[in-house]
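Trainee: here are the coordinates; sequence isn't available:
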């Protein structure tokens, strides 16, 4: 018996058992990157075997912006070319009108996941996506350098600033010309919105637009946060940080040329790879507070799975989504790929903690992460984010001071809002 | 033509000529038909659709709910505030960026292209190899070369800073693509690097079609080579040069991918196409973005007409 | 200064200029080759000296996806685009350059105006058209839009060149009663080699490098072209860029173009003789 015959026989059996109709053929875009794609393919293959449907895994652009553009193109034309999508945490509001309501298919499974994410994935009362994994901004630091200069892990951004300055100066004195104190992402793109909302929120400056849809960004705490960030550029952070994305900052940090780095959890495994000059010298913690009164926070990231409204086999596609986001699968992904689960009970799972101790420490960060205002602003989110990161970029590059820039931003946001979001 | 035809006798000359002319015009349309059909079907529909969408409130969220709103995407007042592409400072910033970029980069490319074409037109050993080498920048896909340059221009581990530091031209690394003062120049530099081969190749083809005897005569008469270039070569290759310039300018005015990869949506380098894409895709404002694209089209059309007029190009010139 | 020294100086200056041009053109490519042999943290090094590297990137380029198929797709698409657009452009430019009829200038401007819209603006209209024609996710769905993309350029360049050819050539044939098609084929084509090769080459490269349409109009890896395949290469995690693989792939795809130029440049040189007929 060939493999195909085996599969066929299996399929026939499954149908007989389920009394189902003909086998569906689905296209799924999941896991654009190496490990994630491999995990997705494995899980999809299991599901194919279980149900007898066929699934093609499609590769899409790595850049999330280009991915969104492609999906909008396909969904906008009402095409059924892709049935199941992997969607970013900020997309449910943007793509929501093209996505299928999954609630009839969940059997209450959504109650296991972090409520904040489920709420984020609800568009006009419909659950349009199931969470696959979560992400939050973290602070990476050089354990060895902090020890060498007798410094503690920074509790506040102010401490981080002085520690970074001190170590940078001392290291440069010692001949390490390329050393910088802190690297982050400040290119004018979505990543800067994440970084900046972390600064603002840690100073209790809110999240640009409140959940009710009010524009809250023009406040003194936000101005304080941005003024502080602007003071880093050219002192403890290279001027080039104004065009850095995640990989640029990781490049600097991983070459051993930075004391602190703000980045996503992915950078951890890479910093521990065998050819990494900083292997074993790195620590990870939640981002510092904005002063004594501030709070620890991190921008909420992560990915969900959603079904196109235009799919020809909604039942099969929804079933696939439920299969890929179920507890066992999230556990497997956490152990094999360090993907942070969205099911809280998994954070105390012995096997997961054994494989990646660092997930356990950060549960609080993930649950308390600050969400970008994509729900409140809906389809206008990208405009809001664009206005925000441009305003922040102007402050960072010294073109405007924080107060003026925030005032201008408030006016721009009001223009975008007009009557309602 | 008269010379050749006069052999046929004066009597039937007039009649034969008009017969021949109308037959030739018929065959002209026959010859044009494949192109016209392809352009009308494949290009006509998307272009007209874009212009139409510019007058609607189309949004990617739901394209079926599209209504005609007249010129509101271009200009409208609402609660005492003016909205629309025409009053958007970002749009005008993008227009100036694009014009500045186009003028500088196309001028530089023309000068370098001419220079390289003249060098490549000379006889020397290994000419084939050099021609291939010169074309390499044009041959690398833009998505790749833009990323490659992004890497080489990187402030921390970019090779360009490394070289300049070693030579001693700069004392500390420059953040080429991040610094508002250098970002546009970085884009121009990469564009010039990438598209000069295009110019050079077109000019070279023009040079190759020049008759050799003119140079022979000039050489015998002892005319200085620089004089020969300005008095003989340049006028003769002008038609080819103008076509190259017009198409480069068209591309430059629509520049998108290079800027998008190097500096993304940064306002220092935002071009008209980047602006249109941001509205169409990132902001899902299909109507507004189409209006911007239509304005872009109009600006490009005006610029092209001006260039053609400045270059004294006659569109319906007969063969010499 | 005697003739000999003058000649030597001239030659030296010429070769020095050539060297400058070559170094400036090739250096980034050279750097790409260097990077393609580096892996992991070594990629962050900015050394410009070659070192003993790894072939790992080249191996993984071909093993991780159908990269061979992608190259073949690109070759097929680019070749078809060149043939189609040269055929359409030669016929059209003959009419535009050699036959005088009303509305010729306007027609040339209309053709040019196709190149005046930003690609991103016509993307969604083109997408609907491709789907309506039923050629979505197929090579034909790439050939059609790419032909339209290169057509205005080829028509204009060939029209300019054809206009430059002497009138007498055609008249002799006309008197002999040759049809327009025969004139194009027998009289003009042999003289147009430099222009044909040049425009063909530029159209080939344009189609070879086209990204936005190729990305939007294809879905499965098997019908994707090289630039899309390269752009879709991914690292092991979300934000990680597989720099080594991308560089290796770029080196691989640039080589055919270089070979193409080396082969066809003789044809460009052949144009030197074209001037003879004019005198």
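Mentor: Good, I have the coordinates. Here the structure is a predicted model, which means the values were calculated and not measured.

Trainee: Taking the stretch 51-200 of chain B, what residue is nearest to chain C?
Mentor: Across the stretch 51-200 of chain B, no residue is closer to chain C than residue B:139, which sits at 3.6 Å (Cβ to the nearest Cβ). (Glycine included, C-beta is placed from N, CA and C.)

Trainee: so what's that residue up against?
Mentor: C:205, C:208-209, C:254, C:257-258, C:261 (Cβ atoms under 8 Å, 6 or more residues apart in numbering or on different chains).

Trainee: Just the buried residues of the helix or strand harbouring residue C:93, please?
Mentor: Residue C:93 is part of helix C:67-98, with elements assigned from DSSP states H and E. Across helix C:67-98, burial judged by 16 or more other Cβ atoms under 10 Å in any protein chain shown covers C:67, C:70-71, C:73-74, C:77-78, C:80-82, C:84-86, C:88-98.

Trainee: Residue C:195 versus the residue lying closest to the residue of the stretch 51-200 of chain B closest to chain C once chain neighbours are set aside, what's the distance?
Mentor: Sequence neighbours aside, residue C:257 is the residue nearest to residue B:139 in space, at 3.6 Å (criterion: Cβ to Cβ, 6 or more residues apart in numbering or on different chains). Computed with Cβ to Cβ, to the nearest Å, the distance linking residue C:257 and residue C:195 is 19 Å.

Trainee: Give me the more crowded residue out of those two.
Mentor: Applying other Cβ atoms under 10 Å in any protein chain shown to residue C:257 and residue C:195 shows that residue C:195 carries more neighbours, namely 29 against 22.

Trainee: Check whether the more buried one really touches residue B:209, as I assumed.
Mentor: Yes: applying Cβ atoms under 8 Å, one finds residue C:195 in contact with residue B:209, separated by 7.2 Å.

Trainee: List the contacts of stretch C:125-135.
Mentor: The contact list for stretch C:125-135 (Cβ under 8 Å, 6+ apart) reads A:73, A:77, A:79, B:42, B:45-47, B:49-50, C:136, C:141, C:144-145, C:213, C:216-217.

Trainee: Can you give me the buried ones in it?
Mentor: Buried-residue list, stretch C:125-135, by 16+ other Cβ under 10 Å: C:125-131, C:135.

Trainee: same deal with stretch B:83-93?
Mentor: In stretch B:83-93, the ones that count as buried by 16+ other Cβ under 10 Å are B:83-85, B:88, B:90-91.

Trainee: give me the element the nearest residue to residue A:105 once chain neighbours are set aside is part of.
Mentor: Spatially, and ignoring its direct neighbours in sequence, residue A:105 is nearest to residue A:318 (3.9 Å; Cβ to Cβ, 6+ apart). Here residue A:318, judged by DSSP H and E, is contained in helix A:314-325.

Trainee: For the helix or strand following that helix, what does the pLDDT average out to?
Mentor: For helix A:314-325, the following helix or strand on the C-terminal side (DSSP H and E) is helix A:327-337. For helix A:327-337, mean pLDDT is 89.

Trainee: Give the other helices and strands that the next helix or strand after helix A:327-337 contacts.
Mentor: Downstream of helix A:327-337, the next assigned helix or strand under DSSP H and E is helix A:350-355. On a contact count with 3 or more Cβ pairs under 8 Å, 6 or more residues apart in numbering or on different chains; DSSP states H and E, helix A:350-355 meets helix A:327-337, helix A:357-361.
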